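**Q** coordinates for the following, if possible.
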Amino acid sequence: MTSQAVIKCFTLNLSKTVKGNPKNVTMSCVYSFNGNQEAPMAIGYVLAIDDTITEMRCFNEGIEHVQAFMNTDKTPVNIQGGGIILSFRLGFMDKRDELTGFMMQGEDGNDIVTTENYSEEDLEALLNYERA
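**A** Predicted coordinates for the structure are as follows:
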């Protein structure tokens, strides 16, 4: 039996400063991904940040029992109020229907804003992240 893909689309508010001094501490991000747990090569997207359409592609991080996606391209992003920030890394996770997200800002990614429910464990993994 073949399982069908389930497309999930949701909005998360990034409002918690966890490191540094992010330029924009409150932003709304719209995400989408194939929610089929049997599709390890699923691809996610950041469709919009605030009112700006981005369509940033995020790759599956391959974490068992979690859909975790990250975009590692340094990308200028227009934000609400007319400013521009540099997205160093941007991503989101679905941990058994608990949705979380983050953005590392700036040239070196030292300014980090997350959802309120982003865990210390996930933050530690993010800070130690190296793409294979």
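
**Q** name the helices or strands packed onto the helix or strand where T100 lies?
**A** For T100, the host element (DSSP states H and E) is strand 98-105. When contacts are defined as 3 or more C-beta pairs under 8 Å, 6 or more residues apart in numbering; DSSP states H and E, strand 98-105 sits against strand 7-14, strand 27-34, strand 84-95, strand 111-114, helix 120-127. All C-beta atoms are positioned from the backbone trio N, CA, C, and that covers glycine.

**Q** if we go to 7 Å?
**A** Packing partners of strand 98-105 (3 or more C-beta pairs under 7 Å, 6 or more residues apart in numbering; DSSP states H and E): strand 7-14, strand 84-95, strand 111-114.

**Q** any idea which of these gets closest to I49?
**A** Checking the helices and strands packed on strand 98-105 against I49 by C-beta to C-beta gives strand 84-95 as the closest, at 8.0 Å.

**Q** dump the residue contacts of the spatially most central residue of the chain.
**A** What sits nearest the mean C-alpha location of the chain, by C-alpha atoms, centre = their mean, is G91, with 1.8 Å. Residues counted as contacts of G91 (C-beta atoms under 7 Å, 6 or more residues apart in numbering) are 58, 68-71, 101-102.
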